[in-house]
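Asker: this is a predicted model, with the sequence first.
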Amino acid sequence: MELNLDLFLVAFLHAAFIACVLLLVISVMLTSLLLAFAIGLVLILIDDMYNIFLCFSSYIETVVKHNLELGFVLIVYKLLYHVVAIFLVSKPFFECKISQIKVKARSAMNVIDGLRPS
């Protein structure tokens, strides 16, 4: 009985080739599944971060908007407070100047009335 070693060798090489092809296909499929899983996780993470930042940005926008409005009102209030204080302090000064102008105007009118012929 003579063994056909070349047929055994061809069969072994054929089986090894098929096994290598199957291992290559399996590794490509697993790599693609892992890549798809990673891309899906990253997209879900980006979507969640977008929604979280959108919620925070709308919250921050309303808070900052109201804080800016309140700050503007407080600035206007302080400005008016100081303007009124300056006006109240300077009011006697202006009243004094106005009374001096009235006195000078009366004296001028008296001089004019004295120059009129009777």
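Answerer: Done, it's in.

Asker: so for the helix or strand containing Val28, mean pLDDT?
Answerer: Val28 is part of helix 5-115, with elements assigned from DSSP states H and E. Mean pLDDT, helix 5-115: 89.

Asker: when you give positions from now on, start the count at 59
Answerer: Taking 59 as the first residue, the last one we looked at is helix 63-173.

Asker: centre of the chain to it, how far?
Answerer: Average the C-alpha atoms of helix 63-173, do the same for its chain, and the two points are 1 Å apart (Cα atoms, centre = their mean, to the nearest Å).

Asker: roughly how far apart are Phe114 and Tyr108?
Answerer: Using Cβ to Cβ, to the nearest Å, Phe114 is found at 11 Å from Tyr108. Glycine gets a C-beta too; all of them are placed from N, C-alpha and C.

Asker: what does Leu173 give?
Answerer: Distance from Leu173 to Tyr108, by Cβ to Cβ: 90 Å.
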